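Q: model the structure of this input:
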Amino acid sequence: QVQLVESGGGLVQAGDSLRLSCVASGRTASIGNMGWFRQSPGKERDFVAAISWSGSMTHYTDSVKGRFTISRDNAKNTVTLQMTTLRPEDTAVYLCAARRANTGTYSYRGSVDYHYWGQGTLVTVSS
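A: Okay, here's the model as predicted:
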């Protein structure tokens, strides 16, 4: 099993920046792609960003391209989401997710593509 713990959320103003972190523990050697999703009350869980095991490939939803950056440090079992120029519509609970490695397919965009989830960290952006 893998456990994921997010941190770094908070209340900020529009235009500010935040840095979210997710630390993995447990069977971390079994982790492949990692991702960030976000969910607002009453809405579906939406893909935000993902990164391959090596970090050589990153993917973003269109609304955060150029503003958010995902990175990972496998030595520290950490994935980070640097968020800049935050907007009120970025307000949500942000969840870290990990996909098992060696599944035979490269998938990253759907919540069903991930096997492990953190509890989430709340980001609130005021206008």
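
Q: the residue nearest the centre of the chain bridge partners, please.
A: For the chain, the residue nearest the mean C-alpha position is residue 36 (1.8 Å; CA atoms, centre = their mean). Beta bridges link residue 36 to residue 49, residue 96, judged by DSSP bridges.

Q: can you name the residues that contact it?
A: By CB atoms under 8 Å, 6 or more residues apart in numbering, residue 36 lies in contact with 20, 22, 48-50, 70, 79, 81, 94-97. (C-beta placed from N, C-alpha, C; glycine too.)

Q: now the buried members of those residues.
A: 20, 22, 48-50, 70, 79, 81, 94-97 (16 or more other CB atoms under 10 Å).

Q: which among the residues you listed gets closest to residue 120?
A: residue 95 (4.4 Å; CB to CB).

Q: and for that closest one, nearest residue in space, chain neighbours not counted?
A: In space, and not counting its chain neighbours, residue 95 is closest to residue 120: 4.4 Å by CB to CB, 6 or more residues apart in numbering.

Q: next one: residue 85
A: Nearest non-adjacent residue to residue 85 (CB to CB, 6+ apart): residue 67, at 4.9 Å.

Q: which residues sit in contact with the residue nearest to residue 92 when sequence neighbours are not counted?
A: Once flanking residues are discounted, residue 92 sits nearest to residue 38: 3.7 Å by CB to CB, 6+ apart. Taking CB under 8 Å, 6+ apart, we find residue 38 in contact with 45-46, 48, 90, 92-95, 123.

Q: hmm, residue 111 is touching residue 50, no?
A: No - Residue 111 is beyond contact range of residue 50, at 11.3 Å (criterion: CB atoms under 8 Å).

Q: circling back: TSV for the buried ones among the contacts of residue 36, including distance to residue 105 and pLDDT?
A: Shown next, in TSV, are those (distance: CB to CB, whole Å; pLDDT from 0 to 100):
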residue	distance to residue 105	pLDDT
20	27	98
22	23	98
48	21	98
49	19	98
50	14	98
70	20	98
79	20	98
81	24	98
94	25	98
95	22	98
96	21	98
97	16	98
